[in-house]
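S.K.: coordinates only, no sequence provided:
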């Protein structure tokens, strides 16, 4: 499937310049959801339709810790700026080497594919193209990107906390990693922390609002997220995020 990457919802050049300069200088950057909203003028109905996709994520059956708190889908794209088109790659398993993912590595994990209305969202295509422009500027060149998408829902209860990164402090084995907050519902915790490759803390930040965005150079940093607990124990509690991985091909 080919998706028109020249979508109307794209980040303005000053925002792209800001993000790329921060990633280049600091190896990470954070953009508030309010700033992203203002930068690309997202229609609320478009966002609501996109965010509703997180209500239909199947349970992750490959948890090495036997946890039942994670729900997800998976899909991959290829982007070539010369063509200006996002091409969805044939669906297949997701696999990471064991030295990258000590909990779930060396296993071909067969997740359900991304839903069509998720893939065809103008918000998604504009976001993916804009982020590719950010990373092109960081590298000082254009070209082709492999882009892997992971929509996650982490549920929490009074008896069982949710663990957004059960593998602990880690890398994903890609060039750049992006986390976008979709929704926090009745949860405490979920603080993201970024370190250098030696484990020295560089940043602690809690993504709280819809569209809050964090970017990092995955080759030169590591990251993790603290556990989440219900704010009100008797109510449903979950944390929805979109994780996007960029690898130059």
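M.R.: Now that the structure is in, tell me what you want to look at. Since the model is a prediction, treat every value here as computed from it, not as a measurement.

S.K.: give the residue spans of this protein that score low on pLDDT.
M.R.: Scanning the chain with the threshold set as pLDDT under 70 gives 1-9, 81-82.

S.K.: where do the helices sit along it?
M.R.: 13-26, 33-40, 44-51, 116-119, 122-139 (DSSP state H).

S.K.: give me the buried positions along the first one.
M.R.: Of all the residues in helix 13-26, those buried under the rule 16 or more other Cβ atoms under 10 Å are 15-16, 18-20, 22-24. Where C-beta positions appear, they are placed from N, C-alpha and C, glycine not excepted.

S.K.: need the contact list for residue 17.
M.R.: Listed by Cβ atoms under 8 Å, 6 or more residues apart in numbering, the contact set of residue 17 reads residue 137.

S.K.: buried stuff in stretch 241-249?
M.R.: 241-247.

S.K.: let me redo that: stretch 227-246
M.R.: 227-230, 237-246.

S.K.: again, but for stretch 198-211
M.R.: If you call a residue buried by 16+ other Cβ under 10 Å, then stretch 198-211 has these buried ones: 203, 207, 210-211.

S.K.: again with stretch 159-166
M.R.: Going by 16+ other Cβ under 10 Å, stretch 159-166 has these buried residues: 161-166.

S.K.: over to residue 211: give its phi and psi.
M.R.: phi 80, psi 0 (degrees, to the nearest 10).

S.K.: how far away is it from residue 132?
M.R.: Per Cβ to Cβ, to the nearest Å, residue 211 is found 18 Å from residue 132.

S.K.: what does residue 17 give?
M.R.: 14 Å.

S.K.: of the buried residues of stretch 227-246, closest to residue 41?
M.R.: residue 242 (19.5 Å; Cβ to Cβ).

S.K.: how many other residues sit next to the closest residue to residue 243 other than its chain neighbours?
M.R.: Ranked by Cβ to Cβ, 6 or more residues apart in numbering and with sequence neighbours excluded, the top spatial neighbour of residue 243 is residue 150, at 4.2 Å. Residue 150: 18 surrounding residues under other Cβ atoms under 10 Å.

S.K.: how about the strands in the chain?
M.R.: 2-4, 28-31, 70-72, 75-80, 85-88, 144-156, 176-185, 187-189, 191-196, 201-206, 213-217, 221-225, 228-230, 237-248 (DSSP state E).

S.K.: of the ones you listed, which is nearest residue 44?
M.R.: Closest among those, using Cβ to Cβ: strand 176-185, at 13.8 Å.

S.K.: that closest one pairs with which strands?
M.R.: Strand 176-185 pairs in its sheet with strand 213-217 (antiparallel), strand 237-248 (antiparallel), by DSSP bridges.

S.K.: could you give the angle of that strand to helix 44-51?
M.R.: Inter-element angle recorded for strand 176-185 and helix 44-51: 100 degrees (by axes from the mean of the first three to the mean of the last three Cα atoms, to 10 degrees).

S.K.: and strand 176-185, how far out from the chain's middle?
M.R.: How far strand 176-185 lies from its chain's middle: 5 Å, per Cα atoms, centre = their mean, to the nearest Å.
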